[in-house]
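Novice: Here's a sequence, model it:
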Amino acid sequence: MPSEAAFRIAARRGCVSVQAVAVPQTSVTCTFTFEAAHRLAWHPGKCRNLHGHSYRLDVTVRGPLDANGVVVDFDHLSDIVRREVVDRWDHRDLNEVIDNPTAELLAHRAWSLLTEAGLSLDALRLWETNDSSVELTPATES
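Specialist: Got it, this is the predicted structure:
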């Protein structure tokens, strides 16, 4: 390991490359569940008929830590998601809430409701079944 004096000499000569260490990103995720029914009139199979799902919604917010060491308080995040999505959709016929309530369109609607309520979302995942989900993330600029 070079001595401190050797490091200073090398730095003066421009021979030292210092790589900044990035601050880690912090994400907070809360998971919610709700029961709802829907039907997809265009679907050629069973989904054409009214049927229900036990939906799971994972909402992720990313950001810097505040003075208290949190990105967002879990209770605050939960209150917003429950008010804006879960309470509106739980035990409902989703065809009365949105036209053509596919998992994809429901996820997009949830994203809109939550961002309009002031959340800065990093990801949203809506599970329609235990092995089928839709994930949304912010669009990247090209």
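Novice: Just give me the neighbour total for residue 69.
Specialist: 7 (other Cβ atoms under 10 Å). Where C-beta positions appear, they are placed from N, C-alpha and C, glycine not excepted.
Novice: isn't there a strand covering it?
Specialist: No: using DSSP: H, G, I helix; E, B strand; the rest coil, the assignment for residue 69 is coil, not a strand.
Novice: what residue ranges in the protein score low on pLDDT?
Specialist: Applying pLDDT under 70 to the chain picks out residues 1-21, 141-142.
Novice: Quick check: which element contains the most centrally placed residue in it?
Specialist: With distances taken as Cα atoms, centre = their mean, the chain has residue 123 as the residue nearest its mean C-alpha position (2.3 Å). Assigned by DSSP states H and E, residue 123 belongs to strand 121-129.
Novice: Can you point out the buried residues in that strand?
Specialist: 121-128 (16 or more other Cβ atoms under 10 Å).
Novice: ok, back up a step: quick check: the nearest residue to the residue nearest to the centre of the chain once chain neighbours are set aside vs residue 138, distance?
Specialist: Leaving aside its sequence neighbours, residue 123 sits nearest to residue 60 (Cβ to Cβ, 6 or more residues apart in numbering; 4.1 Å). When Cβ to Cβ, to the nearest Å is the yardstick, residue 60 and residue 138 sit 11 Å from each other.
Novice: Between the two, which contacts overlap?
Specialist: Residues touching both residue 60 and residue 138 (Cβ atoms under 8 Å, 6 or more residues apart in numbering): 121-122.
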